[in-house]
Every structure is written in C-alpha cells, then in structure tokens.
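Undergrad: sequence and computational prediction follow.
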Amino acid sequence: MESKIAYLNVELAAVAEREKKEKKERRRDKKERERERGEDCGSKGGREQEEGDENDKSGKESEGDEE
C-alpha cells in the first residue's frame, strides 16, 4: 500500500509541474498576442484614437449646423 501512495505522490507532483509549465506558456502566449495586437494598431492608444476621431466628426457636424 505504501508503494502505491509513493507512486501516486510522484505522479501528483508530475501533474502539478506540467500544469505549472502550461500556465506559464499560456501567460507567455497571451502577452505575445497582446504585443502583436498593439503593433497592428500602430499605437498604444488605438481605442483612444478611435474615440478622438468620433469627437472630431461631431465637431465638424456642429460647424455645418451653424451655416
């Protein structure tokens, strides 16, 4: 019985180590994808830039309303 417990403890440690490595890889992959997305938009504030564009459009519309 003790040999089975020792075997299972070793297996449990191996599983924990694999899960730890997988979690680390997932975090690394996630960071890499985020970095790639940041490069694709051309700037850090891609979302902020879009909001700024919307504000510019609303300003132009209000200028046109005055005419």
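TA: Looks like it came in fine.
Undergrad: secondary structure element for residue 37?
TA: Using DSSP states H and E, residue 37 falls within helix 2-41.
Undergrad: packing partners of that helix?
TA: Contact partners of helix 2-41 among helices and strands, from 3 or more CB pairs under 8 Å, 6 or more residues apart in numbering; DSSP states H and E: none. For every residue, glycine as well, the C-beta is placed using N, CA and C.
Undergrad: contacts only, for residue 5.
TA: For residue 5, the contact set (CB atoms under 8 Å, 6 or more residues apart in numbering) is empty.
Undergrad: per-residue confidence for it?
TA: Confidence at residue 5, expressed as pLDDT, is 96.
Undergrad: distance check, it against residue 12.
TA: With distances taken as CB to CB, to the nearest Å, residue 5 is found 10 Å from residue 12.
Undergrad: if we can go back for a sec, and the helix holding residue 37, what's buried?
TA: Using 16 or more other CB atoms under 10 Å as the test for burial, helix 2-41 gives no buried residues.
Undergrad: could you number the chain from 39 rather than 1 from now on?
TA: Sure, I'll start numbering at 39, so the last one becomes helix 40-79.
Undergrad: where does pLDDT dip in the protein?
TA: Within the chain, the stretches with pLDDT under 70 are 79-105.
Undergrad: cutoff 90 now
TA: 39, 76-105 (pLDDT under 90).
Undergrad: which residues sit against stretch 61-70?
TA: Counting by CB under 8 Å, 6+ apart, no residue outside stretch 61-70 touches it.
Undergrad: so who does residue 56 touch?
TA: By CB under 8 Å, 6+ apart, the contact list for residue 56 is empty.
Undergrad: next one: it from residue 76, what distance?
TA: Counting by CB to CB, the gap from residue 56 to residue 76 is 31 Å.
Undergrad: likewise residue 44?
TA: 49 Å.
Undergrad: try residue 39
TA: 56 Å.
Undergrad: residue 43 now?
TA: 49 Å.
Undergrad: how about residue 57?
TA: 29 Å.
Undergrad: with residue 42 instead?
TA: From residue 42 across to residue 76, the span is 51 Å (CB to CB).
Undergrad: check residue 52 too.
TA: On the measure of CB to CB, residue 52 and residue 76 end up 37 Å apart.
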